[in-house]
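Undergrad: Sequence plus predicted model, see below.
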Amino acid sequence: MHHMVIAAISSSSGKTAVTMGILSALKERGFSVQPFKIGPDYIDPSFQKKASGKVSHNLDLFMMGKEGIYNAYQKASERSDVSVVEGVMGLYDGSGIKSMEGSTASVAKLLSIPVILVLDAKAMSKTAAAVVLGIKEFDQDVNLRGVILNRVSSARHYELIESSIVEKTGVPCLGYLPEDPVMEFQSRHLGLQLDPLYERGISEKIRNMGRFMEKHLNLTDLLNLTEKEPDSIKAEHPIEEKKQKKDLLRLGIAEDEAFSFYYEDNLEQLRQKGVQLIPFSPLRDKRLPEQLDGLYFGGGFPELHLRELVENSSLREEIRRKLGQGMPAFAECGGYMYLTEGIRDKDGTFHEMVGFFEGACEMTDTLQRFGYTSIRIGSYEMKGHEFHHSRWVGQEEKEQKFLCVKHYGSRDEIYRTGQKKNNCYGSYVHIHLRSCSGIVQSMVEHLRKWRNQNENPICR
């Protein structure tokens, strides 16, 4: 088996595009390739899935803990030929000034995975060797196995950099990537735009990225450098609840261009508890799927699809009616925005949404909150992440502003966010279910209670 972490010295070095190209190239060679993403990001995993054909898994130390990361990685990778982990930010960038906890390096060491460094060498020559030497010596427990040189101008430029790196560090170079439109994607906020995933021709573009890798990188050397014996300790496989299909709880999950941000590990934990995920589209479906026991609205970019959401009034009315009757629902960030009275865009135009929660959301030019969060709902405390360019506006003293949160970011603060109404919970926080023992079972009990109260299909 082959295991590798694709890392960089900083964001915007090209590691996301390189990861996508490697996934595509190895898949084209016939390998079964399993992608992963370090950190809380949703968009990069979506592209990784497109490139590899497999669902990508997040590996986040803050939200999942060491045991959670280890088990999630081992379980997902054990049936694949190659596991490719995309890093986050710079290799050693962690959650604090004195700590590398949560960094790409810390996860690579936890899982004992070789690191391949993507280095943007556009404005470098021999200085590249000094950078690689510093990366190698900074933490000698990190297994740096190779370097991919990005944005190199010519073969002569590459030869100059490669000879210097090999002479000064002993770390092999695996080839170079010249600047080319095939490797370019537009960005939004801190990451890629999600829109290209839904555009015609995206599959061919990603295949071309793989062909670009084949042409410019030595992928055989890459595989040889990252071959690793399977760990003797196997992942723990939770016992899945074996249920007849009719006994499975049916959770409607919003999935389309407007709502797509879900941690695969969260969905897997729900499946293990006997929950069947039933996708529906708030953009296109005029009705909810039949006989649902609850609803799950993930994050995304509803602000980019306001016209379609407004025009689909029949679905919004049905959702409002179901939630008013007490159907359990869980909504995060974009999903929470959708359940409020409306969204005001940057031009000041108000767009009516479901109207179940009090208040509305307005788009902002600046980032409102960004960082890890610990959120308390009743007796449960869960870890999560916030990242949004909008804010809730309404009467702050409303009782439904109930979620008490401690935010771990540039400011250490206690604040309140989100709402609870009937059996519906919503906030800007993307939570990770693995971070809180008992929360999945509590969610399942909410779903089952609703089912038991509505046995008559006519009522459901």
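TA: That came through, no problem.
Undergrad: Only C-alpha atoms from now on, for both contacts and neighbour counts.
TA: Will do.
Undergrad: Could you pick out the longest helix of the protein?
TA: Longest helix in the chain by number of residues (criterion: DSSP state H): helix 61-77.
Undergrad: for that one, which positions count as buried?
TA: For helix 61-77, a neighbour-count test (16 or more other CA atoms under 10 Å) marks 61-64, 66, 68-74, 76-77 as buried.
Undergrad: Show me which pair in those residues is furthest apart.
TA: Farthest apart among those by CA to CA are Phe62 and Ser77. That separation is 21.1 Å.
Undergrad: mean confidence for the longest helix of the chain?
TA: The pLDDT scores in helix 61-77 average 92.
Undergrad: Which elements pack onto it?
TA: Counting contacts by 3 or more CA pairs under 8 Å, 6 or more residues apart in numbering; DSSP states H and E, helix 61-77 is packed against strand 57-59, helix 104-111, strand 380-388.
Undergrad: ranking those by burial, who's on top?
TA: strand 57-59 (a mean of 27; mean count of other CA atoms under 10 Å).
Undergrad: Paired strands for that one, with orientation please.
TA: Strand 57-59 has the following strand partners under DSSP bridges: strand 33-38 (parallel).
Undergrad: Next, the angle helix 104-111 makes with the strand it pairs with.
TA: With axes from the mean of the first three to the mean of the last three CA atoms, to 10 degrees applied, the angle from strand 33-38 to helix 104-111 works out at 130 degrees.
Undergrad: Give me the next element, helix or strand, following strand 33-38.
TA: Sequence-wise, the next helix or strand downstream of strand 33-38 (DSSP states H and E) is helix 43-52.
Undergrad: and the angle from that following helix to strand 33-38?
TA: Per the same axes, to 10 degrees, the angle that helix 43-52 makes with strand 33-38 is 170 degrees.
Undergrad: How far away from the center of its chain is helix 43-52?
TA: Averaged C-alpha coordinates place helix 43-52 at 10 Å from its chain's average position (CA atoms, centre = their mean, to the nearest Å).
Undergrad: Next: stretch 58-65.
TA: Chain-centre distance of stretch 58-65: 11 Å, with CA atoms, centre = their mean.
Undergrad: Repeat that for stretch 356-376.
TA: Centroid displacement of stretch 356-376 relative to its chain, using CA atoms, centre = their mean, is 18 Å.
Undergrad: and that stretch, which residues are buried?
TA: So for stretch 356-376, counting by 16+ other CA under 10 Å, buried means 356-363, 369, 371-376.
Undergrad: Tell me the one among those nearest to Leu304.
TA: Distance to Leu304, by CA to CA, is smallest for Met363 among the buried residues of stretch 356-376, at 10.9 Å.
Undergrad: Not counting sequence-adjacent ones, nearest residue to the closest one?
TA: Spatial nearest neighbour of Met363, excluding adjacent residues (CA to CA, 6 or more residues apart in numbering): Ser390 at 4.2 Å.
Undergrad: ok, that neighbour touching Ala360?
TA: No: assessed by CA atoms under 8 Å, Ser390 is found out of contact with Ala360, at 10.2 Å.
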